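Novice: give me the fold of what follows.
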Amino acid sequence: MNRLTILIIYTGGTIGMIENPETGALENFDLEHFQHNVPELNRFNYEIDAQTFNPPIDSSDMEPKYWIKLARLISEQYDRYDGFVVLHGTDTMAYTASALSFMLENLGKPVIITGSQLPIGQLRTDGKENLLTSIEIAAARDADGTPIVPEVCIFFENRLMRGNRTTKINAEGFNAFRSYNCPSLAHAGIHIKYERHLIRRPDPTRPFQPHFLMDNHVIILTLFPGIRKEYVESVCRLNGVRGIILKTFGSGNAPQKPWLIKILRELVDRGVIIVNITQCSQGAVEMQRYGTGLQLLQAGVLNGHDSTVEGMVTKMMFLLGHDYKWEKITRLMNESIAGEITV
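Specialist: Prediction:
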């Protein structure tokens, strides 16, 4: 039986950095030091290869062109490897995981994204465990040889989470990510316990289909008490805006201000896609629950259900990038196309 093959893709981020002894600053390092700092890699009975972005990308600089680069790299190597581990900075990891979940349609192999809060060369690093467990998950197979987790996921501090349901919640602790509206797909303790009933499976009648189109003419508008008309007008009427993520209160509520509804209705009439998501970490939008939400529904604002902001931003970029008709985009926004919402 051939050995399983795993490709590690280092995009950048804290996990691959070392401290400059002269300045104390963290700087990107190449992948060779992983062999030195994680000798346990040699104990896996897998063929492990690695590729790195050149130069590595700080996660705060991550943007759609790099998501496209990642999707291309995975698609080009898809037939050669059994699983993929992407090393990524934590700040925008949830955005990248969400984007890839849409771009890698009908994915049949694991793409596990991980990183760390401390560089892998430091004594107390969380990077070693995150890396080793991510590799083990990427290689995990059922008795019939099929991958246990054929999804884009984030693994961090003992939790495997669906990538497009995950958000960063802690800038300092090792428990940096949570998936509030979707249970973890696996927990890593003495054993890795998979919640198999929650894991998505590809359609065996359809091929893996990568996509490389994203449109970033999208803005996020967060409502707050006292928000001014001229602020909303200036943000929403920026030239070229095609999509707006509207972050509302509670279950999808907005101030009962006629000028706000008028602006939103005019945008919808012009073909701008507006999606309502809650500012709350947990729970879903229910625009029919209160009059303050119903007014948005009547203005043509779409329901973002229980999506994360990362999931909804990247989904909108993905759908707009394919230049689908307005009717198709509005329909797909209300459907789960990669497990990103509960419907």
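Novice: first-to-last residue distance for stretch 149-166?
Specialist: Across stretch 149-166, the terminal residues are separated by 16 Å (C-alpha to C-alpha, to the nearest Å).
Novice: what mean pLDDT does that stretch have?
Specialist: Computed over stretch 149-166, the mean pLDDT rounds to 97.
Novice: over to stretch 13-27?
Specialist: 69.
Novice: same thing with stretch 133-143?
Specialist: Averaged over stretch 133-143, pLDDT sits at 96.
Novice: show me which parts of that stretch are buried, residue by residue.
Specialist: Neighbour-count burial for stretch 133-143, counted by 16 or more other C-beta atoms under 10 Å, picks out Thr133, Ser134, Ile135, Glu136, Ile137, Ala138, Ala139, Ala140. C-betas here are computed from N, CA, C, even on glycine.
Novice: in this structure Ile219 contacts Ile244, no?
Specialist: Yes - with contacts counted by C-beta atoms under 8 Å, Ile219 reaches Ile244, the gap being 5.6 Å.
Novice: and for the helix or strand hosting Gln295, what's in contact with it?
Specialist: In the assignment (DSSP states H and E), Gln295 maps to helix 291-298. Contacts with helix 291-298, where a contact means C-beta atoms under 8 Å, 6 or more residues apart in numbering, come from 246, 248-249, 251-256, 261, 264, 276, 285-288, 303.
Novice: hmm, 10 Å instead?
Specialist: 246, 248-258, 260-261, 264-265, 274, 276, 278, 285-288, 301-303 (C-beta atoms under 10 Å, 6 or more residues apart in numbering).
Novice: how about stretch 40-48?
Specialist: Contacts for stretch 40-48 (C-beta under 10 Å, 6+ apart): 2-8, 34-35, 50, 81-83, 85, 128-129, 131-132, 135-136, 138-139.
Novice: from the residues you listed, which land in strands?
Specialist: Judged by DSSP state E, the subset of those located in strands is Thr5, Ile6, Leu7, Ile8, Ala50, Gly83, Val85.
Novice: which of the contacts of stretch 40-48 are buried? Put it as a PyMOL command.
Specialist: Buried subset of the contacts of stretch 40-48, written as a PyMOL selection, criterion 16+ other C-beta under 10 Å:
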select buried, resi 4+6+7+8+34+50+81+82+83+85+128+129+131+132+135+136+138+139
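Novice: quickly find the element holding Thr248.
Specialist: strand 243-248.
Novice: just checking: what are the partner strands of that strand?
Specialist: strand 218-222 (parallel), strand 273-278 (parallel) (DSSP bridges).
Novice: ranking helices and strands of the chain by mean pLDDT, which lands last?
Specialist: strand 26-28 (a mean of 61; mean pLDDT, DSSP states H and E).
Novice: which parts of stretch 195-204 are buried?
Specialist: Those would be Ile199, Pro202, for stretch 195-204 by 16+ other C-beta under 10 Å.
Novice: ugh, wrong one, stretch 200-219
Specialist: So for stretch 200-219, counting by 16+ other C-beta under 10 Å, buried means Pro202, Phe208, Pro210, Met214, Asp215, Asn216, Val218, Ile219.
Novice: roughly how far does Asp49 sit from Ile9?
Specialist: Taking C-beta to C-beta, to the nearest Å as the measure, Asp49 and Ile9 are separated by 10 Å.
Novice: joint contacts of the two?
Specialist: Counting by C-beta under 10 Å, 6+ apart, the residues touching both Asp49 and Ile9 are Gln77.
Novice: rewinding a little: which element follows the strand holding Thr248 toward the C-terminus?
Specialist: Next element after strand 243-248 (DSSP H and E): helix 258-269.
Novice: alpha carbons of that following helix, as PDB, please.
Specialist: Extracted C-alpha coordinates of helix 258-269, given in PDB (Å, rounded to 0.1, in the frame of the first residue of the first chain):
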ATOM      1  CA  PRO A 258     -37.100  56.400   7.400                       C
ATOM      2  CA  TRP A 259     -34.000  57.800   5.800                       C
ATOM      3  CA  LEU A 260     -32.100  54.500   6.500                       C
ATOM      4  CA  ILE A 261     -34.700  52.300   4.900                       C
ATOM      5  CA  LYS A 262     -35.000  54.700   2.000                       C
ATOM      6  CA  ILE A 263     -31.200  54.500   1.300                       C
ATOM      7  CA  LEU A 264     -31.200  50.700   1.600                       C
ATOM      8  CA  ARG A 265     -34.300  50.400  -0.700                       C
ATOM      9  CA  GLU A 266     -32.700  52.600  -3.300                       C
ATOM     10  CA  LEU A 267     -29.500  50.500  -3.300                       C
ATOM     11  CA  VAL A 268     -31.500  47.300  -3.700                       C
ATOM     12  CA  ASP A 269     -33.400  48.800  -6.600                       C
END
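Novice: chain center to it, what's the gap?
Specialist: Mean-position distance between helix 258-269 and its chain equals 30 Å (C-alpha atoms, centre = their mean, to the nearest Å).
Novice: who does that helix touch, helix- and strand-wise?
Specialist: Helix 258-269 sits against helix 229-236, strand 243-248, strand 273-278, helix 291-298, with contacts defined as 3 or more C-beta pairs under 10 Å, 6 or more residues apart in numbering; DSSP states H and E.
Novice: shaky segments in this protein?
Specialist: 1, 18-22, 24-35, 37, 121, 123 (pLDDT under 70).
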